[in-house]
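[1] Fold the following and give me the result.
(one chain, ligands or ions: 1)
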Amino acid sequence: MYVKRILLQNYRNYESLNLDLTRNVNILCGLNAQGKTNLLEAIYFCATGRSHRTAYDKECIRAGEEEALIKILYEKHRDDTIEIHLRKNGRKSVAVNGCPVKKIDDLFGCFHVVVFSPEDLSLIKSGPARRRKFMDIEICQLDRVYLHNLQQYHKVLKQRNQLLKDLYGNPSQRDSVFAWDTQLAEYGAKIAKRRKQFLQTLDSYTRDIHQQLSHGTEQLALSYEQDGEADSQSLLDRLTRGLQRDIRQGSTQIGPHRDDIRITINGTDVRVFGSQGQQRTAALSMKLAELNMVKNEIGYPPVLLLDDVMSELDSERQLHLVHYIEENQTILTCTGIEDSIKQMPAGRIYRVEQGQVRKEV
Ligand SMILES: Nc1ncnc2c1ncn2[C@@H]1O[C@H](COP(=O)(O)OP(=O)(O)OP(=O)(O)O)[C@@H](O)[C@H]1O
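    From the prediction side, this is the model:
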């Protein structure tokens with residue numbers, strides 16, 4: 001699968017763009033703040049219906065404009081298009097092959113990307129929220145039911161948290177929380193089960209990759225970390241037992257929104273005891289594993305968006321990355337062309353300058 005062309009109108013700092021891409025490596029080179037990441041963001045938007053950088057679509061509309069348009073032409077089995085229309089004062093709309101889709105989630109399965117940015121290299125040393133996001137972003141692209149469960153879970157969680165705050169001054173209404181707990185436990189158990197399954201699969205890919213990256217000296221292992229059992233009854237019991245504490249704190253203290261990924265090297269928790277180098281290598285292993293896993297699940301290589309990661313890696317790790325991306329259409333941003341980038345298969349270089357993109361000859 002690959003993006004053949006991207007068109008933008010009034011998207012971020014692009015007034016108008018019509019750019020053809022190659023099916024191999026596309027190198028977007030330019031100084032800081034010229035629009036390189038904006039272009040990756042627009043492609044990501046077409047896969048998920050959202051930005052990976054902001055929850056506010058309005059930020060993506062060019063300053064002073066009312067609307068923005070993103071359109072990609074991509075080839076999977078045949079030529080397809082995805083078009084996204086953002087409006088400052090209205091809902092965004094999405095069309096696939098010219099036909100409007102009712103819900104953004106209907107984009108699911110059309111077009112897949114894996115995005116890799118410097119923040120991903122901090123996956124291990126960041127807090128649990130970053131790791132939950134890592135799981136959620138990927139599973140949502142692979143599993144529409146998961147996306148639904150996650151949305152419902154967060155809706156119910158918000159309502160329960162509101163009720164907890166109300167109960168603080170009015171404890172006689174405590175029983176009313178039970179209805180939310182039942183739903184929260186049901187959705188929560190489904191989310192935890194799917195994340196566990198995702199990590200088991202990811203772990204099987206990560207082990208080999210990390211062995212290679214560490215020259216056979218380190219055994220990397222991933223597992224789902226949660227407080228208690230994953231089934232809905234157990235979660236419900238824990239919610240009930242923890243109600244007094246939750247009322248005191250004004251928020252729900254257990255559930256998938258608090259879970260994490262346990263990451264060990266040779267049995268030791270690398271989140272706490274890993275060196276910086278170990279943490280970054282482990283993060284790279286997880287990202288490469290994700291790429292392989294997505295390819296196997298969807299049956300073809302996803303489009304890879306590499307946002308300025310090359311400069312963050314040493315030469316050995318850069319070469320590993322280059323080796324892994326041979327099959328994928330890759331769109332990468334950089335401020336300078338390093339040796340490893342020159343070694344990429346059939347790269348095409350584009351210069352990005354103040355929202356204009358020019359192909360280098
Ligand atoms: N809604 C918007 N309207 C107009 N310009 C915007 C908008 N949002 C962001 N920009 C501009 O886009 C530019 C940043 O683009 P981008 O994040 O793609 O940078 P970049 O080329 O990837 O740089 P770096 O190498 O620093 O990451 C900034 O100049 C910013 O002012």
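
[2] any idea how far the residue in the stretch 151-300 of the chain positioned nearest to the ligand is from Ser117?
    Using CB to the nearest ligand atom, the closest approach of the stretch 151-300 of the chain to the ligand is made by Lys287 at 18.5 Å. Placement of C-beta: from N, CA and C, glycine included. In this structure, Lys287 and Ser117 are 10 Å apart, going by CB to CB, to the nearest Å.

[3] how about the nearest residue to Asp259, chain neighbours excluded?
    Gln226 (4.3 Å; CB to CB, 6 or more residues apart in numbering).

[4] Quick check, pLDDT for the one you found.
    At Gln226 the predicted local confidence, pLDDT, stands at 93.

[5] tell me which parts of the stretch 51-200 of the chain are close to the ligand?
    Glu59, Ile61, Arg62, Ala63 (CB under 6 Å from any ligand atom).

[6] Going by neighbour count, list what's buried in the helix or strand where the residue of the stretch 151-300 of the chain closest to the ligand lies.
    Assessed by DSSP states H and E, Lys287 sits inside helix 276-298. Along helix 276-298, these residues count as buried under the neighbour rule (16 or more other CB atoms under 10 Å): 278-295.

[7] What of stretch 131-146?
    Those would be 131-132, 134-143, 146, for stretch 131-146 by 16+ other CB under 10 Å.

[8] just stretch 176-185 next, same as before
    For stretch 176-185, by 16+ other CB under 10 Å, it's Val177, Trp180, Asp181, Gln183, Leu184, Ala185.

[9] How about stretch 48-56?
    Thr48, Gly49, Arg50, Ser51, His52, Arg53.

[10] Now do the contacts for the second one.
    Which is Gly49. Ile84, Lys92, Val94, Ile104, Asp105, Leu107 (CB atoms under 8 Å, 6 or more residues apart in numbering).

[11] Surely the fifth one touches Leu150?
    No: between Asp105 and Leu150 there is no contact under CB atoms under 8 Å: 11.0 Å.

[12] Who has more neighbours out of these two?
    Leu150 (21 against 16; other CB atoms under 10 Å).

[13] In three-state terms, label the more buried one for me.
    Put simply, Leu150 is helix when judged by DSSP: H, G, I helix; E, B strand; the rest coil.
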